[in-house]
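Asker: Starting from these lines, generate the structure:
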Amino acid sequence: MNIGQGFNDQLEIRTSPIHGKGVFSKVFIPKDSFIAEFTGTLIVKDVRYGIRLTDPITGMHYFVEGTGTLRYVNHQINPNTKLSGNRCVALKDIQANEEITWDYGAEFQRLYHPNVWC
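Answerer: Here you go, the predicted model:
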């Protein structure tokens, strides 16, 4: 497999112990590897299954309503991936059958888990 193409074909959606559905790796993914791109429709309103991107020049916020596998990635305070724009990158080695997680950010934490301190 070409690591530069990512691991999207090696991900699957399963029932998650964190919440509802989650994304799991079918193979070992080394730290710092590009995993997949968050794909979807660019819109200007907040969405439930999406990510927020900020235009560095205008400061305007855009939202990508997820349509691909990564729309099911769950929140973790200590995640194993991060988003760089819309690219998901491994923060640490990810084992086969491990759930892919990222930190949704302080605003999500404040709104949905106000009693949990990070």
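Asker: And for residue 78, the neighbour number?
Answerer: 9 (other CB atoms under 10 Å). The C-beta positions use only the backbone N, C-alpha and C, and glycine is treated the same way.
Asker: Same check on the one 10 residues further on?
Answerer: Neighbourhood size, residue 88 [other CB under 10 Å]: 26.
Asker: wait, doesn't it sit right on residue 101?
Answerer: No. Using CB atoms under 8 Å, residue 88 is not in contact with residue 101; the gap is 10.4 Å.
Asker: Give me the buried positions along stretch 76-95.
Answerer: Residues 79-81, 83, 86, 88-90, 94 are the ones in stretch 76-95 that count as buried (16 or more other CB atoms under 10 Å).
Asker: What are the contacting residues of that stretch?
Answerer: If you take CB atoms under 8 Å, 6 or more residues apart in numbering as the criterion, stretch 76-95 is touched by 18, 25, 28-39, 51, 53, 64, 70, 73, 98, 100-103, 109, 116, 118.
Asker: Let me see the contact set for residue 15.
Answerer: Here residue 15 is in contact with 21-22 (CB under 8 Å, 6+ apart).
Asker: Could you check how far it is from residue 74?
Answerer: Residue 15 sits 11 Å away from residue 74, going by CB to CB, to the nearest Å.
Asker: Common neighbours of these two, please.
Answerer: Residues touching both residue 15 and residue 74 (CB under 8 Å, 6+ apart) are residue 22.
Asker: for stretch 7-17, what is the average pLDDT?
Answerer: On average, the pLDDT along stretch 7-17 is 91.
Asker: Stretch 31-40 too?
Answerer: For stretch 31-40, mean pLDDT is 89.
Asker: That one: how far from the chain's middle?
Answerer: Its chain's C-alpha centre and that of stretch 31-40 lie 8 Å apart, by CA atoms, centre = their mean, to the nearest Å.
Asker: Please read off the pLDDT at residue 52 from the model.
Answerer: According to the prediction, residue 52 has pLDDT 71.
Asker: For residue 92, which three-state class applies?
Answerer: Classification of residue 92 by DSSP: H, G, I helix; E, B strand; the rest coil places it in coil.
Asker: How about the one 5 residues further on?
Answerer: Secondary structure state of residue 97, per three-state DSSP, is coil.
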